[in-house]
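Participant: Got a sequence here, can you model it:
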Amino acid sequence: MSHTFTQLYVHYVFAPKSRYPIFTTDKSITILNYMIGICKNIDCHLEKGYIMSDHVHLLINQHAKQSVSEIAKTIKANTSRFINTLPEMKCRFEWQEGYGAFTCSYSQIEIVKNYISNQEEHHRVHSFAEEYQALLKKHGLIVPSSRL
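Facilitator: Residues are numbered from 1 along each chain as shown. Reported below is the predicted structural model:
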């Protein structure tokens, strides 16, 4: 085969340090637009993103040459620098160490997009901790809650 073809979708989930609820709706839109720009700059595509007050969901279509850890590190580092330049910031912003990254098959993309779009409704019933534990379990990862 003379060419390489890939279609790699990864659902990233991460939170501010100590899960401090920092993001307002206006700030979320600004930060999400900044994340879209970061993705363009590193040759990947942010298919869907949603920023809750205390965590972030991103569905990214990425190239095989890019590692999950490089993308997470680049997005988190650049957005934290950007957030710290916002005039309304009263204290230093940091992301929590680590992240969740879950692969998605092409046939599941619309389901994942809908899941991300419906975060407000979803969190009326489930906390972020419950949601994250469920994602880990769904993807075959059992992590003690003390490590979350």
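Participant: Stretch 10-26 - what's its average pLDDT?
Facilitator: Averaging pLDDT along stretch 10-26 yields 85.
Participant: helix, strand or coil for residue 76?
Facilitator: Here residue 76 is helix, with the state taken from DSSP: H, G, I helix; E, B strand; the rest coil.
Participant: For residue 43, give me its contacts.
Facilitator: Taking CB atoms under 8 Å, 6 or more residues apart in numbering, we find residue 43 in contact with 63, 66. The C-beta positions use only the backbone N, C-alpha and C, and glycine is treated the same way.
Participant: Pretty sure it sits in a helix.
Facilitator: No. Looking at residue 43 with three-state DSSP, it is coil, so not inside a helix.
Participant: and residue 45, what pLDDT?
Facilitator: pLDDT, residue 45: 96.
Participant: For it, give its distance to residue 134.
Facilitator: Residue 45 sits at a distance of 26 Å from residue 134 (criterion: CB to CB, to the nearest Å).
Participant: before we move on, what about residue 63?
Facilitator: Taking CB to CB, one finds residue 63 at 29 Å from residue 134.
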